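Chemist: have a look; sequence and predicted model below, questions after that.
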Amino acid sequence: MTESSLLHDLIRVAAGRRPEAVALTYGERHVTYGDLDAQVGSVSRGLVGLGLQRGERVAVYLDKRPEMVATCFGSAAAGTVFVPLNPLLKPDQVGYILRDCGVRLLVTSADRLALLQPVLAACPELRHVVVTGDDAPALAGTPTAALTRWRDLVDAPARATHRVIDTDVLSILYTSGSTGKPKGVVLSHRNMVTGAKSVASYLGNHADDTLLAALPLSFDAGFSQLTTAFHAGARVVLLNYLLPRDVLKAMERERVTGLTAVPPLYIQLAALQWPQAIGEHLRYFANTGGRMPRETLGALRQRVPRARPFLMYGLTEAFRSTYLPPEEVDRRPDSIGKAIPNAEILVLREDGTECAPDEPGELVHRGALVGMGYWGDAEKTAERYKPLPAGVGGREGALTLPEIAVFSGDTVRRDAEGFLYFIGRRDEMMKTSGYRVSPTEVEEVLYATKLVGECVAFGVDHASLGQAIQVIATAPDGSDAVAVDQLLAECRRLMPAYMVPHGVRPMRGPLPRNPNGKIDRKLLATRWVEEHETGEATAATAEEAKA
């Protein structure tokens, strides 16, 4: 076999070429492609041996370690569906996901299982719990779930696995979304394998690369570090870090050649001194999960001037959509680039017609990376996954079967040369004084002042403005000692009047993150509103008491 069409084929093909090459590094442990391929086969046989049927869900609640990788790829080989859970999730959040997609088998550690005990009894479809390590505590309170040790799972006798084709459901990735409970994005083998080949092609990944897996594997960009590396036969370093400095230490120690991260982590890394050795081997750094502030990008380029910056845009519903080639960064640092290989990105009006150059519209993604919808949620699926209008892009009008594209909900514009620029999320755009303002546009100016370390902008209801722009910010040193008056003076100098924040609230850093490592704008905005309303209610009560 020389080509991969199924997820587990990525490992099998690499093992066929260089079985002795290291696929995974986890602390002092190194797993070769040959050993990883064998372990994936053992997991797949073990899952079938426990009675799992084609398409049943296998959840993994572990930190980044070889057992998690083997479970995900072994599930793919078995014909089941893996559900990677962010290790930062709390038991109630894990319980919700287990129930939402009817998980049949859960792989976790003994300490995490102990935390989950109160919620597992409310997961009636759960039949098996596999515990890594040698400790296997009694599974109290879940009479329907049998307990299996990891070593027993992988020592199962040989047996036939279920048939798998590339359009089969492969995985469900849960994304926090902007409102309500997390949504399960359903992806096929074709989605992930096509994405791996596309990303590896423009990043130029090769067998001598070492990629650092700093992002959660439950995050599409985090899991992509595995798929792109395995497609190229490269090595992945699995890192569970506590402090940003730990990331730099790992990059130096492991001679990392490729780093992909989200803006909040890059902001923290840019504030640190980098060991000179990192710049001697780091070939590229890639940004995803939001717009990287220009000041942060400039600081990173100073620290590793030989590394090529890749600015990327993606959404879990279609894995990855655009990237800006490094040679374009100086000419258009605010652009999210053009479509990645084997994808088409459209900018459409509300009536489905294509926008003119520089006209704002919705980013729409078509092609083989478009996911399969949200698990069990027809209403939300219909909002995002829609038939592409006839005659738009490469869609021929004479075709009678529908083609489903992802309508991102993000507002972008395309310039005359075809480069795209992110304006904002439809559900985050602020309407103030009759103007639509993107929070990232405000944040970009705030970062440029160098008077903030981290910041987030959001709109709150206002009687005369419609919405007032509020900002929560930390000082450059992470404290709450923000020079508010000086910051607002700079805003008035750099922004039109309608964009100047109505208020700035200092906060000690770092700002709270969501499970994927992004600054949690929604949480901060909700807290601000709740505290503001509480303050008004307290003031009103005090006035009544005086009266």
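Modeler: Here it is on my side, so go on.
Chemist: for Val482, which non-adjacent residue is spatially closest?
Modeler: Distance criterion C-beta to C-beta, 6 or more residues apart in numbering; nearest residue to Val482, sequence neighbours excluded, is Pro506 at 3.9 Å. Every C-beta, even on glycine, is put in place using the N, C-alpha and C of the backbone.
Chemist: quick check: what element follows the helix or strand hosting Asp461 along the chain?
Modeler: Per DSSP states H and E, Asp461 falls inside strand 455-462. Using DSSP H and E, the helix or strand that follows strand 455-462 in sequence is strand 466-473.
Chemist: show me where the stretch 351-500 of the chain has helices.
Modeler: With DSSP state H, counting those that start in this stretch applied, the stretch 351-500 of the chain shows helices at 378-384, 439-448, 484-494, listed in chain order.
Chemist: dump the residue contacts of the residue nearest to Val482.
Modeler: Ile472, Ala473, Thr474, Ala475, Asp480, Ala481, Val482, Val484 (C-beta atoms under 8 Å, 6 or more residues apart in numbering).
Chemist: now Met192
Modeler: Neighbours of Met192 in contact, by C-beta under 8 Å, 6+ apart: Leu7, Leu170, Ser171, Phe223, Thr227, Phe319.
Chemist: run the last query once more with 10 Å
Modeler: 6-7, 10, 76, 166, 170-171, 173, 220, 223-224, 226-227, 319, 369, 371 (C-beta atoms under 10 Å, 6 or more residues apart in numbering).
Chemist: what residues of stretch 247-267 count as buried?
Modeler: Within stretch 247-267, the residues scored as buried using 16 or more other C-beta atoms under 10 Å are 247-248, 250-252, 254, 256-267.
Chemist: returning to that earlier point: buried among the contacts of Pro506? Need that as a selection in ChimeraX.
Modeler: Remark: buried members of the contacts of Pro506, expressed as a ChimeraX selection using 16+ other C-beta under 10 Å:
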select :472,473,474,475,482,484
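Chemist: just the closest of the contacts of Pro506 to Arg283, please.
Modeler: Minimum distance to Arg283 across these is 31.6 Å, recorded for Thr474 (C-beta to C-beta).
Chemist: from Gln268, how far off is that closest one?
Modeler: 11 Å (C-beta to C-beta, to the nearest Å).
Chemist: what do the two both touch?
Modeler: What both Thr474 and Gln268 touch, as defined by C-beta under 10 Å, 6+ apart, is the set Gly453, Glu454, Gly509, Pro510.
Chemist: report the two of those residues separated the most.
Modeler: Gly453 and Pro510 (8.1 Å).
Chemist: does Leu217 touch Phe73 like I think?
Modeler: No: Leu217 is beyond contact range of Phe73, at 11.3 Å (criterion: C-beta atoms under 10 Å).
Chemist: neighbour count winner among these two?
Modeler: Phe73 (28 against 25; other C-beta atoms under 10 Å).
Chemist: list the contacts for the residue nearest to Gly509 when sequence neighbours are not counted?
Modeler: Spatial nearest neighbour of Gly509, chain neighbours left out: Thr474 (3.4 Å); criterion: C-beta to C-beta, 6+ apart. Going by C-beta under 10 Å, 6+ apart, Thr474 touches 267, 452-456, 480-482, 506-511.
Chemist: what are the structural domain limits within the chain?
Modeler: 9-192, 281-425, 430-544 (automatic domain parsing).
Chemist: circling back: tell me the one among the shared contacts of Thr474 and Gln268 nearest to Leu113.
Modeler: Nearest member of the shared contacts of Thr474 and Gln268 to Leu113, counting by C-beta to C-beta, is Pro510, at 30.0 Å.
Chemist: neighbours of the residue nearest to the closest one when sequence neighbours are not counted, how many?
Modeler: Closest residue in space to Pro510, ignoring its immediate chain neighbours: Glu454 at 6.2 Å, by C-beta to C-beta, 6+ apart. If you count neighbours by other C-beta under 10 Å, Glu454 ends up with 24.
Chemist: ok, Glu454 touching Arg521?
Modeler: No: if you go by C-beta under 10 Å, Glu454 and Arg521 don't touch, sitting 11.5 Å apart.
Chemist: hey, what's in contact with both of those two?
Modeler: Glu443, Ile472, Leu511.
Chemist: my guess is the first one contacts Met430. True?
Modeler: No: the criterion here is C-beta under 10 Å, and Glu443 misses it with Met430 at 11.7 Å.
Chemist: for the record, mean pLDDT for stretch 42-59?
Modeler: Mean per-residue pLDDT for stretch 42-59: 97.
Chemist: typed the wrong thing, it's stretch 101-109
Modeler: In the prediction, stretch 101-109 has an average pLDDT of 98.
Chemist: residues of that stretch that come out buried?
Modeler: In stretch 101-109, counting by 16+ other C-beta under 10 Å, buried: Cys101, Val103, Arg104, Leu105, Leu106, Val107, Thr108, Ser109.
Chemist: then stretch 433-450?
Modeler: Going by 16+ other C-beta under 10 Å, stretch 433-450 has these buried residues: 433, 437-447, 449.
Chemist: output those residues in CSV; the columns should cover pLDDT and distance to Glu490.
Modeler: Listed next are these as CSV, based on pLDDT from 0 to 100; distance: C-beta to C-beta, whole Å:
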residue, pLDDT, distance to Glu490
Ser433, 76, 20
Val437, 82, 17
Ser438, 80, 19
Pro439, 88, 18
Thr440, 84, 18
Glu441, 82, 15
Val442, 91, 12
Glu443, 91, 14
Glu444, 86, 13
Val445, 89, 8
Leu446, 94, 9
Tyr447, 92, 11
Thr449, 94, 4
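Chemist: as TSV, those residues with distance to Leu88 would be great.
Modeler: Formatted as TSV, the buried residues of stretch 433-450 follow (distance: C-beta to C-beta, whole Å):
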residue	distance to Leu88
Ser433	39
Val437	31
Ser438	28
Pro439	24
Thr440	24
Glu441	29
Val442	28
Glu443	24
Glu444	28
Val445	31
Leu446	27
Tyr447	26
Thr449	31
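Chemist: from those residues, which two are the most distant?
Modeler: Ser433 and Tyr447 (23.1 Å).
Chemist: can you give me the helices for the stretch 51-200 of the chain?
Modeler: So, for the stretch 51-200 of the chain - with DSSP H, counting those that start in this stretch - the helices run 66-78, 91-100, 110-120, 150-154, 189-203.
Chemist: all good on my end, thank you.
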